[in-house]
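>>> Can you look at this prediction? I've put the sequence above it.
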Amino acid sequence: MVKLFIVGDFHGKVSSNLLSKIRREKPDFILSPGDFCGNEKLAKFYFKYLYGKLEEEIPKKIQKQSDVLHRQAFHAGISVIKELKSLKIPILAIHGNWDPTPYPFDLGSDIKESKTESLRKLEDNTFRLADFSLVEEKEFILVCGGSSTYPGIPSFEYFKKELREAENFKEKQELLIRFFKRRREYLRRSRIYKKLFLKAKKIANGRKIIFLTHNCPYKTKLDLVKSKHAHKRVKGKHVGSYLERKMIEQFQPNIVLCGHVHESHGTDKIKKSLIYNIGSSLEGRFKILEI
């Protein structure tokens with residue numbers, strides 16, 4: 001039997017109570033769906049001034065403030081990881097949408113890693129960022145996803161409304177470029193996922209297949225935005241990942257572990273796959289599984 005302690009959506013903070021809880025539980029592994037970085041001030045600033053806007057629409061003053069807040073959020077995330085590593089328990093994790101990612105074009109986040117801002121520099125024998133890879137352990141196979149967010153559907157229909165609302169040719173051009181980049185990345189990720197799941201099925205030999213990804217699958221109980229403080233563009237909507245749902249439907253992993261939508265933490269199923277939205281550690285949420 002193996003004990004897994006699943007926790008994520010730290011957003012720059014990890015409480016001493018959580019660290020004490022992990023020590024008491026003595027898990028064999030800590031699994032995390034990401035969002036080590038971030039803070040409440042950055043989140044409020046982002047949704048007020050940056051959400052849904054093209055880069056050229058953002059005033060320089062706002063962009064400078066954003067850069068400062070992102071640097072603060074990054075260093076807070078580094079501190080979270082260092083505290084978790086101090087427990088000396090193997091950590092298998094992926095990037096969340098508030099973490100600077102190494103992907104060529106993320107499906108929901110514009111926060112890219114650089115030479116100075118990268119969580120990967122903390123990787124060692126106790127901490128691994130395993131995005132888009134397969135981790136084989138004695139008791140389970142871990143298929144690791146990434147930070148893709150709402151909803152990641154690369155269909156032209158999804159962009160028609162935005163194109164109609166575009167004020168000028170340049171804005172339409174930017175939207176089309178974004179669309180084709182997202183479609184290319186969606187197809188790339190789809191190919192990677194299929195290879196990983198096919199390999200996992202082939203080598204499982206009775207072991208549980210666990211899918212670790214940041215966002216919840218699209219249109220479940222776990223991806224509905226219920227918060228009254230949510231941005232008007234997403235309030236009351238399903239904001240899960242379309243690609244993640246498609247992969248779950250097709251390959252039916254035994255367990256899916258995700259986060260991202262804090263208020264819809266809980267459990268749901270897609271066919272035979274059991275899905276856990278772990279919720280945010282900021283609210284004291286975590287999950288313990290024994291396999």
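Good, I have the coordinates.
>>> From here on, just use CA atoms for contacts and neighbour counts.
Will do.
>>> give me every residue that touches Lys201.
Taking C-alpha atoms under 8 Å, 6 or more residues apart in numbering as the contact definition, Lys201 lies against Ile209.
>>> Would you map the strands across the stretch 101-250 of the chain?
Under the criterion DSSP state E, counting those that start in this stretch, the stretch 101-250 of the chain carries strands at the ranges 127-129, 134-136, 140-144, 208-212.
>>> Columns mean neighbour count and mean pLDDT on top of those strands, output as a markdown table?
Supplementary listing: the strands of the stretch 101-250 of the chain in a markdown table, determined by neighbours: other C-alpha atoms under 10 Å; pLDDT from 0 to 100:
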| stretch | mean neighbour count | mean pLDDT |
| --- | --- | --- |
| strand 127-129 | 19 | 98 |
| strand 134-136 | 16 | 98 |
| strand 140-144 | 23 | 98 |
| strand 208-212 | 23 | 98 |
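>>> Redo the ones you listed as JSON lines? Include distance to Leu176.
Formatted as JSON lines, the entries for the strands of the stretch 101-250 of the chain read as follows, by distance: least, C-alpha to C-alpha, whole Å:
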{"stretch": "strand 127-129", "distance to Leu176": "32"}
{"stretch": "strand 134-136", "distance to Leu176": "33"}
{"stretch": "strand 140-144", "distance to Leu176": "30"}
{"stretch": "strand 208-212", "distance to Leu176": "31"}
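>>> Okay, the closest residue to Gly34 other than its chain neighbours and Lys237: tell me how far apart.
When the adjacent residues along the chain are set aside, Gly34 lies closest to Gly96, with 4.2 Å between them (C-alpha to C-alpha, 6 or more residues apart in numbering). For Gly96, the distance to Lys237 under the criterion C-alpha to C-alpha, to the nearest Å works out to 20 Å.
>>> Name the SS class of Leu274, please.
Going by DSSP: H, G, I helix; E, B strand; the rest coil, the secondary structure assigned to Leu274 is strand.
>>> Report pLDDT for the nearest residue to it once chain neighbours are set aside.
Spatial nearest neighbour of Leu274, excluding adjacent residues (C-alpha to C-alpha, 6+ apart): Ile255 at 5.0 Å. pLDDT for Ile255: 98.
>>> is it true that Ile255 touches Ile270?
No: distance between Ile255 and Ile270: 10.2 Å, which falls outside the contact criterion (C-alpha atoms under 8 Å).
>>> Those two - which one has more neighbours?
Ile255 (18 against 15; other C-alpha atoms under 10 Å).
>>> Phi first, then psi, for that one.
Torsion angles at Ile255 (phi, psi; degrees, to the nearest 10) stand at phi -130, psi 140.
>>> got a list of what it touches?
Contact analysis of Ile255 by C-alpha under 8 Å, 6+ apart lists 208-211, 273-276.
>>> let's see it at 7 Å
209-211, 273-275 (C-alpha atoms under 7 Å, 6 or more residues apart in numbering).
>>> Spell out, range by range, the helices that occur in the stretch 51-200 of the chain.
With helices called from DSSP state H, counting those that start in this stretch, the stretch 51-200 of the chain shows them at 60-85, 156-165, 169-203.
>>> now those helices in JSON lines, with mean pLDDT and distance to Leu19?
Written out in JSON lines, the entries for these read as follows (pLDDT from 0 to 100; distance: least, C-alpha to C-alpha, whole Å):
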{"stretch": "helix 60-85", "mean pLDDT": "93", "distance to Leu19": "7"}
{"stretch": "helix 156-165", "mean pLDDT": "72", "distance to Leu19": "43"}
{"stretch": "helix 169-203", "mean pLDDT": "89", "distance to Leu19": "32"}
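>>> Compile the ones you listed into JSON lines and extend it with columns for distance to Lys41.
Converted to JSON lines, the helices of the stretch 51-200 of the chain look like this (distance: least, C-alpha to C-alpha, whole Å):
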{"stretch": "helix 60-85", "distance to Lys41": "8"}
{"stretch": "helix 156-165", "distance to Lys41": "28"}
{"stretch": "helix 169-203", "distance to Lys41": "27"}
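>>> closest to Glu283 out of the ones you listed?
helix 60-85 (15.3 Å; C-alpha to C-alpha).
>>> can you give me how far the closest one is from the chain middle?
Average the C-alpha atoms of helix 60-85, do the same for its chain, and the two points are 17 Å apart (C-alpha atoms, centre = their mean, to the nearest Å).
>>> and if you look at stretch 148-166?
The gap between where stretch 148-166 is centred and where its chain is centred comes out at 20 Å by C-alpha atoms, centre = their mean.
>>> Kindly format the C-alpha coordinates of that stretch as PDB.
As requested, the backbone C-alpha atoms of stretch 148-166 are provided in PDB (Å, rounded to 0.1, in the frame of the first residue of the first chain):
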ATOM      1  CA  SER A 148      -4.100  24.500 -19.500                       C
ATOM      2  CA  THR A 149      -7.100  26.500 -18.500                       C
ATOM      3  CA  TYR A 150     -10.600  27.400 -19.700                       C
ATOM      4  CA  PRO A 151     -11.700  25.900 -22.000                       C
ATOM      5  CA  GLY A 152      -9.000  25.200 -24.500                       C
ATOM      6  CA  ILE A 153     -11.300  24.400 -27.400                       C
ATOM      7  CA  PRO A 154      -9.500  25.400 -30.600                       C
ATOM      8  CA  SER A 155     -12.500  25.700 -32.800                       C
ATOM      9  CA  PHE A 156     -13.100  28.700 -35.000                       C
ATOM     10  CA  GLU A 157     -16.700  28.900 -33.600                       C
ATOM     11  CA  TYR A 158     -15.200  29.800 -30.200                       C
ATOM     12  CA  PHE A 159     -13.400  32.800 -31.600                       C
ATOM     13  CA  LYS A 160     -16.300  34.200 -33.800                       C
ATOM     14  CA  LYS A 161     -17.800  36.300 -31.000                       C
ATOM     15  CA  GLU A 162     -14.400  37.900 -30.200                       C
ATOM     16  CA  LEU A 163     -13.700  38.600 -33.800                       C
ATOM     17  CA  ARG A 164     -17.100  40.300 -34.200                       C
ATOM     18  CA  GLU A 165     -16.400  42.500 -31.200                       C
ATOM     19  CA  ALA A 166     -12.800  43.400 -32.400                       C
END
